[in-house]
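K.L.:
My questions concern the predicted model and sequence given below.
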Amino acid sequence: MERKYYIDNLRWMAILLLFPFHAAQIWSGGEYSGFYIWSHTNTALYVFSTFVYPWYMTFLVTIAGMSSKYALQKRTNKQFIAERIKKLLIPFFFGLLTLVPVMTYIGEIFFNGYTGTYLQQYVLFFTKVTDLTGYHGGFTPAHLWFLIYLFVISLTALLIILLQKKRLPNFKTKNISYICIVLLFIPEWICQYILNIGGKSLGQFLILFLFGYYILSEESILQKLKKYRFISLTIWILSGCIYTYLYCFENNRTIWITGLYIFFGWIGIITLLGIGQSKLNMHNRLTVYLTQASFPIYILHMTVLVVTGYFILKLSVGVTVQFLLIVFISLIATFLIYEIIKRVPVLRFLLGITKRKE
């Protein structure tokens, strides 16, 4: 099967978007809305982060499901599981032990006026009872929740796939209409309430993974998304503007705003896949490099950004300058750290850096 380069390109673009998104969190919502450092609410950055949040992680989960479909066509089940362990489970524990405590240390200092040593905080990291966000210190998986979720989801989905192949060997989804594809947000909305831990729903992400595996990996479905991409884009922008306005300016938190949140996120996924096919199905040295780097960059970026932000907030410059400095300095520093790590075999293994397989 010919490699779908637009999926690689959409993935690394989404991951690079995390730099401005997480930097914007420093000025989003209130002091207790959720991040390791906080300045004040800036309307533009609050609107930006609110618009991005509903679709960027759900998109990554969905294309992970698509990629698993392609991977299982070339790998045995045992190879697939071993690969998930190397790329998800090992980096999760490595990051949990080395990267995340740095961020909670910053959170302890920033919000709680912590004066103890880092080693003392390291003990506190594993013993302090929190809501698992860790923004004000204490234990948290931080952004690495995505790795452990994806590991659990991948293995659960594999069991479902094996059962389907045994019980429903002729199961097909390639004839689903565009309208039905759009309406898939409804089962996602229902599943959003299943095993929802701190706003991260295993049920929602599992069904998105399965949508990616069974539906969005079908060439006929992809062609429909490409055909109707401008309709999807229009709906995406309109629903996103309505959702963002209601959330940011009307403080709407009803069950219906949750449905709009899910709808907006799902439309974003099918829009990106439709546009990606027509505009991003190419590769060159830069895109190959960014594809290879994207996963370790995801693991490293948050720690670098939080430390950078902590010091940049001390500068007497405007919000725009602070925001741009945090984004660009953390971006450059993360890639420099990646360049060092990929040259050290042990660190390559611990961060799940492997050769890309065509």
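P.N.:
Cool, the structure landed. Predicted model only: the values in this text are computed from it and were never measured.
K.L.:
Heading C-terminal from the helix or strand where Thr271 lies, find the next helix or strand.
P.N.:
If you go by DSSP states H and E, Thr271 is part of helix 255-279. Using DSSP H and E, the helix or strand that follows helix 255-279 towards the C-terminus is helix 285-312.
K.L.:
Buried ones in that next one, by neighbour count?
P.N.:
Judged by neighbour count (16 or more other CB atoms under 10 Å), helix 285-312 contains these buried residues: 287, 290-310, 312. Where you see a C-beta, it was placed from the backbone N, CA and C, and this is true even at glycine.
K.L.:
try stretch 256-273
P.N.:
Within stretch 256-273, judged by 16+ other CB under 10 Å, the buried ones are 257, 259-273.
K.L.:
With stretch 222-237 instead?
P.N.:
Leu222, Lys224, Leu225, Tyr228, Arg229, Ser232, Leu233, Ile235, Trp236.
K.L.:
that older thread, and the helix holding Thr271, what does it pack onto?
P.N.:
helix 5-24, helix 43-72, helix 178-182, helix 185-191, helix 219-227, helix 229-248 (3 or more CB pairs under 8 Å, 6 or more residues apart in numbering; DSSP states H and E).
K.L.:
again, only using 10 Å
P.N.:
helix 5-24, helix 43-72, helix 178-182, helix 185-191, helix 202-211, helix 219-227, helix 229-248 (3 or more CB pairs under 10 Å, 6 or more residues apart in numbering; DSSP states H and E).
K.L.:
Tell me which of those helices sits most buried.
P.N.:
helix 202-211 (a mean of 23; mean count of other CB atoms under 10 Å).
K.L.:
From the chain's centroid, how far away is that one?
P.N.:
Computed by CA atoms, centre = their mean, to the nearest Å, the separation of helix 202-211 from the middle of its chain amounts to 14 Å.
K.L.:
avg pLDDT for that helix?
P.N.:
For helix 202-211, mean pLDDT rounds to 97.
K.L.:
try stretch 112-119
P.N.:
Here the average pLDDT along stretch 112-119 is 92.
K.L.:
Mind listing what's buried along it?
P.N.:
Neighbour count says stretch 112-119 has Tyr114 buried, by 16+ other CB under 10 Å.
K.L.:
who's in contact with it?
P.N.:
101-102, 104-109, 120-125, 136-137 (CB atoms under 10 Å, 6 or more residues apart in numbering).
K.L.:
Among these, which one lies nearest to Phe205?
P.N.:
Among those, Thr104 lies closest to Phe205 (CB to CB), at 24.2 Å.
K.L.:
Which of the helices and strands in this protein ranks last by mean pLDDT?
P.N.:
When the helices and strands of the chain are scored by mean pLDDT, DSSP states H and E, strand 196-197 comes last with a mean of 90.
K.L.:
That one pairs with which strands, and in what direction?
P.N.:
Partners of strand 196-197 in the sheet, by DSSP bridges, are strand 200-201 (antiparallel).
K.L.:
now the partner strand, how far from the chain's geometric center?
P.N.:
Per CA atoms, centre = their mean, the centroid offset for strand 200-201 relative to its chain is 12 Å.
K.L.:
tell me, what residue is most central in this structure?
P.N.:
Met57 (3.3 Å; CA atoms, centre = their mean).
K.L.:
How about that one: what's its closest non-neighbour residue?
P.N.:
In this structure, Met57 finds its nearest non-sequential neighbour in Phe146, 6.6 Å apart by CB to CB, 6 or more residues apart in numbering.
K.L.:
List the residues that contact the one you found.
P.N.:
Met57, Leu60, Val61, Ala64, Leu88, Phe92, Lys200, Phe205, Tyr298, Ile299.
K.L.:
circling back: per-residue confidence for the residue nearest to the centre of the chain?
P.N.:
Confidence score, pLDDT, at Met57: 95.
K.L.:
right, and it touches Gly268 too?
P.N.:
No. Contact between Met57 and Gly268 fails when scored by CB atoms under 10 Å: they sit 11.0 Å apart.
K.L.:
just to revisit the earlier point, helices - which of the contacts of stretch 112-119 land there?
P.N.:
101-102, 104-109, 120-125 (DSSP state H).
K.L.:
okay if I get these as a markdown table plus neighbour count and distance to Cys180?
P.N.:
Listed next are the ones in helices among the contacts of stretch 112-119 as a markdown table, based on neighbours: other CB atoms under 10 Å; distance: CB to CB, whole Å:
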| residue | neighbour count | distance to Cys180 |
| --- | --- | --- |
| Pro101 | 25 | 46 |
| Val102 | 20 | 46 |
| Thr104 | 27 | 44 |
| Tyr105 | 24 | 49 |
| Ile106 | 22 | 46 |
| Gly107 | 26 | 44 |
| Glu108 | 25 | 49 |
| Ile109 | 18 | 51 |
| Gln120 | 13 | 56 |
| Gln121 | 21 | 51 |
| Tyr122 | 15 | 51 |
| Val123 | 12 | 53 |
| Leu124 | 18 | 51 |
| Phe125 | 24 | 47 |
